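J.: I need the structure of the sequence given here:
(2 chains)
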Amino acid sequence: MTTRISDIDFGYDQARHLLMRAGFGGTPDQIRTLADWGAEKAVEYLLEYDEVPDHDKPLPNTFDRNIMRPLSDDERRMLSNAQSRRDEDALASLRLRRQQAQRSDRRQMREMQKWWLARMISTPRPLQEKMALFWHGHFATSYRTIENSYHMYMQNQLFRQNALGSFAKLLSEIIRDPAMLAYLDNNDSRKGSPNENLARELMELFGLGEGNYSERDIKEGARALTGYSFNDDSFVFNAGNHDNGRKTILGRTGTLDGDGFVDAILRQRACAMFICRKLYSFFATEIDITARERDLPKEAARTIADMERAMRASKYQIKPAMRELLLSEHFYSDRVVREQIKSPIDLIVGSVRSLNTPVRDLSVLLDALDLMGQNIFFPPSVKGWDGGRTWINTSTLFVRQNILAYLLTGKMPQGYDALASSEQYDPMPLMDHLTVALKNAGSDPAAVTNYLLRFTLGSTTGQPESTIRAFLAEHQNHINRETVIGMLLLISARPEYQLC
Amino acid sequence: MSLHNDPSQARAFTRRMFLGQSLTFASAAAVVPSFIQSSALGMPMPELGMSSIPGVNEDNILVVVQLGGGNDGLNTVVPVRHDEYYRARPTIGIARNQALELGRSSDIALHPAMEGIKALYDEGLCGLIQGTGYPNPNRSHFKSMDIWHTADTTGTGNGWIGRYLDSECCGYGKGESGAPDGSEEEIPMQPAIAIGRTAPLAMEGGSIKPIAFESADLFRWTGEEIHESLREPYTSLTSRGASDDHDDHPTASFLLKTSLDAQVSSDLIRRAVSQTPMTQFPGTPLGRQLQMVSSMIRAGLKTRVYYVSMGGFDTHAGQGNTNGSHANLLRQFSDAMRAFYSDLKRHENDTRVLSMCFSEFGRRVSQNASGGTDHGTAAPMFLFGPMVRQGIIGRHPSLTNLDNGDLKYEIDFRSVYAGILENWLSADSNEILQGRYRPLQILRKS
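T.: Next up, the predicted model:
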């Protein structure tokens, strides 16, 4: 077992780190409160989010489920009649209706993206949304392929409802999830001509990781998943299409179906290890998921071992594994703190939540997310987002700087199809804690600079300090709305602002 | 305490913003983007016809075109005289009388949507390498793509272009400290440019970081237009290289280095791609990317390798035959390549530019139940440019001697890389590919 963080070592910097990683950052107020509570209470508050009321609970009718519903029997009859009569007018009008449905579905998808982004920005349960984002990257499914927004919503809700629940349940739900079944082409997979896509990813990307299964397991697994399909919004098991012959998957033999396949995966030692490594990589520091254990950094390997133990002891519950991670001393060490690169979501949601800037226009924020490489509901592939350094290149750095300039001032970044925002941002409440602690500190350029750097970058040393002080001096060391926004503009353009 | 950030904000602001739009529009429109003007004057022109380095083909450029998703090679280069092909593909096969013949005696023909490439072929600007692949093919998109990018069958390590840039010092030759003219002064350098959100693994090297961007408009900071006094501190905060502040912090050093690269390259590239092309490019993603590449070449950027890509080739279902989704993809690819070489020729850079096109794998020989094809193995590669060995290189893989329903490769793709490295980029392929591959004769005999 590794050492847990003690309350003595849990202060402002640690609480700030915890809020950034297990959520999307916090205001000085929120950081201070968690620091005062101590590690255990702070972590429990984040983990036990079920006890925090959800102000805006997503409901089945939050979105329209009927936009892309399949043709009814009547409509199908109409269609085949029109086809046999070669009634071009009727066919054209059916086609038109289909196109209109697709257009409104794309609109609903856009609304859903805004809805999730707004939810991440405003939720009182940040870890739930962060976990949903983790699962979205893990079980990556893209609207681009499936073109059914309500299916994306159902999958998103699945991730939210099971965010810290049972991984076994998630796996067994995902092979019944219409969005996933469509995305990986399982809906047409049938006995005699199985489609291997879902079977492969179930092992390679979802449950075991490369190297822990054979090509034969894929072929046999694909047979187990034949007949797993959906109709409208519901899972359907087409017994007629299912191959119920004997198969051997991962050493288990029998007339296995999808559940048998999932069970075979869950029995592998590699499964809990794989999922804990993915959690560690997402929440702590990036590691090579498929590395041999002895090739991982020692502290990382030990922390992951603790997470695995907790997960196995609880029959694949995620929460105990996350508790191990968030309470480990290692999580607050130099190896982890400020060693991650903010994802585009971390950057935007984190900046709005911690600096308390106006949201301005969710559409603009979504465009920026896309340009930075994280278009939610549209992951680039079934592998999800690679994350880490792949977020950063010379051009995404400019997008990152420019979207902060937009949040802070409303100035419209280039290349967006929108206008500037005139909403005024007041950064002065951020200073409250400084002035409470030290009466005249609010007008002391050195104190203000240090305070802001510690809050935004997690560090007060190095070159930024002298540059910011020089900027303030040029403005007669006045500390006011304009100069603080100026300081924040400069700090957020600094490369280290991308660290988390 | 609550972690609740007033949810009413998220909605209220958008509405209020909408109401404010009419007011801000006038002022926003009146602002002259002064930053663009002043910096355009302030930066040195890229130097055309820069002095040459003895012994280095510094003018030779490689453009890599990636077809992501696994292009169906059998419906791209069609084995029109093989009944096995038509038996395996009853509904998606390309009929012989529809395909574009490549010479009378040839047993292969191009997909009818590839008229552009057919024209390039007839003009002697296209070489077609059959049946490329590698031993023990991996059918995972990501793994196989990584294998092609790293030229290593484990798919790990740096990219092959990254290693080329590392070993050849940004492609400017050994013994140079970075400046092509050998001076000590650091000049803006863009050894490798990828058009896209992220630089591909192929371009990731140990010391050289490629530049990647999707659109040149997004390639600058807007903050300094907010107040003049921000400009100087901004430059100082973003343009310092990996400083001593971060010796023990590789992630921060990486960010600082990328930030510096961004600042120096921004102006140069934005000006280059703002030129009007000399040829009309198709308005497709690949067309747009190749138009940018052509403009950057024309502007005299000292870039040795460009990388462009298009996706969508993962045709598991309903791929169509002479028409349909796969046909559309091939048409986009083909028309963009044609426009690219027309444009290059008009600004007389065509002889400097060799393009290599690949996909991570081909597809199964037999079509599947959904009217598509599943992940397969060997597939053709294309080379373009007046310097390439025109015609068909290698044999078409056998359609009867299959490996589990998949084609067996004929030519290891690393032999193609070796040929390009040795003969076009004058580099040591053994060192870069970390193994010995017989360089394929890819250039026409002069």
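J.: now the strands for the stretch 251-400 of chain B?
T.: Shown for the stretch 251-400 of chain B, the strands assigned by DSSP state E, counting those that start in this stretch span residues B:305-310, B:353-359, B:379-384, B:391-393.
J.: export those strands to CSV and tack on mean neighbour count?
T.: Every C-beta, even on glycine, is put in place using the N, C-alpha and C of the backbone. CSV is the format used below for the strands of the stretch 251-400 of chain B (neighbours: other C-beta atoms under 10 Å in any protein chain shown):
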stretch, mean neighbour count
strand B:305-310, 22
strand B:353-359, 24
strand B:379-384, 25
strand B:391-393, 19
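J.: and those strands: which comes nearest chain A?
T.: Nearest to chain A, of all the strands of the stretch 251-400 of chain B, is strand B:305-310, at 11.6 Å by C-beta to the nearest C-beta.
J.: any bit of that closest one sitting next to chain A?
T.: No - Strand B:305-310 stays clear of chain A (C-beta under 8 Å from any C-beta of the partner chain), getting no nearer than 11.6 Å.
J.: surely residue B:309 touches residue B:71?
T.: No - in terms of C-beta atoms under 8 Å, residue B:309 does not count as a neighbour of residue B:71; the distance is 11.8 Å.
J.: mean pLDDT added to the strands of the stretch 251-400 of chain B, as JSON lines?
T.: Compiled in JSON lines, these are given as follows (pLDDT from 0 to 100):
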{"stretch": "strand B:305-310", "mean pLDDT": "96"}
{"stretch": "strand B:353-359", "mean pLDDT": "98"}
{"stretch": "strand B:379-384", "mean pLDDT": "98"}
{"stretch": "strand B:391-393", "mean pLDDT": "95"}
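J.: what about residue 121, helix or strand, and which?
T.: Chain wasn't specified; assuming chain A. helix A:88-122 (DSSP states H and E).
J.: let's do chain B instead
T.: Following DSSP H and E, one finds residue B:121 within helix B:115-122.
J.: what about that helix, average pLDDT?
T.: Mean pLDDT, taken over the full extent of helix B:115-122, equals 98.
J.: helix or strand next in line after it, which one?
T.: Note on helix B:115-122: by DSSP H and E, the next helix or strand toward the C-terminus is strand B:126-133.
J.: I figured residue B:289 hits residue B:308, correct?
T.: Yes - between residue B:289 and residue B:308 there is a contact at 4.1 Å, judged by C-beta under 8 Å.
J.: what is in contact with the two at once?
T.: Taking C-beta atoms under 8 Å, 6 or more residues apart in numbering or on different chains as the contact rule, the neighbours common to residue B:289 and residue B:308 are B:195-196.
J.: buried residues, stretch B:108-125. List them.
T.: Judged by neighbour count (16 or more other C-beta atoms under 10 Å in any protein chain shown), stretch B:108-125 contains these buried residues: B:108-121, B:125.
J.: measure stretch A:404-421 end to end?
T.: End-to-end span of stretch A:404-421 (C-alpha to C-alpha, to the nearest Å): 13 Å.
J.: gap between residue A:105 and chain B?
T.: For residue A:105, the distance to chain B equals 19 Å [C-beta to the nearest C-beta, to the nearest Å].
J.: which residues touch that residue?
T.: For residue A:105, the contacting residues are A:67-68, A:147-149, by C-beta under 8 Å, 6+ apart.
J.: now it. Nearest residue, chain neighbours left out?
T.: The shortest distance from residue A:105 to any residue that is not its chain neighbour, by C-beta to C-beta, 6 or more residues apart in numbering or on different chains, is 4.7 Å, and that residue is residue A:67.
J.: and what of residue A:14?
T.: Excluding its sequence neighbours, the residue lying closest to residue A:14 (C-beta to C-beta, 6+ apart) is residue A:332, at 5.0 Å.
J.: could you do residue A:261 as well?
T.: On the basis of C-beta to C-beta, 6+ apart, the spatially nearest residue to residue A:261 that is not a chain neighbour turns out to be residue A:224, at 4.2 Å.
J.: my read: the one you found touches residue A:253, true?
T.: No - between residue A:224 and residue A:253 no contact is recorded; they are 11.6 Å apart, counting by C-beta under 8 Å.
J.: so residue A:222, which state does it fall into?
T.: helix (DSSP: H, G, I helix; E, B strand; the rest coil).
J.: ok, it - how many residues close by?
T.: A count of neighbours around residue A:222, defined by other C-beta atoms under 10 Å in any protein chain shown, yields 24.
J.: spell out which parts of the stretch 251-400 of chain A neighbour chain B.
T.: Looking at chain B, the residues of the stretch 251-400 of chain A close enough under C-beta under 8 Å from any C-beta are A:338-341, A:352-353, A:356, A:358-363, A:371-373, A:381, A:383, A:386, A:389-399.
J.: domains for chain A, by residue range?
T.: Domain assignment for chain A, taken from automatic domain parsing, gives A:60-81+A:125-266, A:344-409, A:428-498.
J.: nearest approach to residue A:114 belongs to which of those domains?
T.: Taking C-beta to C-beta as the measure, those were each checked against residue A:114, and domain A:344-409 came out nearest at 4.3 Å.
J.: endpoint to endpoint, the closest one covers what distance?
T.: Distances were taken as C-alpha to C-alpha; on that basis the terminal residues of domain A:344-409 are 19 Å apart.
J.: let me see the mean pLDDT of it.
T.: This predicted structure assigns domain A:344-409 an average pLDDT of 92.
J.: what pLDDT does the residue found closest to residue A:69 once you drop the neighbours it is linked to in the chain get?
T.: Closest residue to residue A:69 in three dimensions, ignoring its sequence neighbours and counting by C-beta to C-beta, 6+ apart: residue A:232, at 5.6 Å. In this model, residue A:232 is scored at 94, pLDDT.
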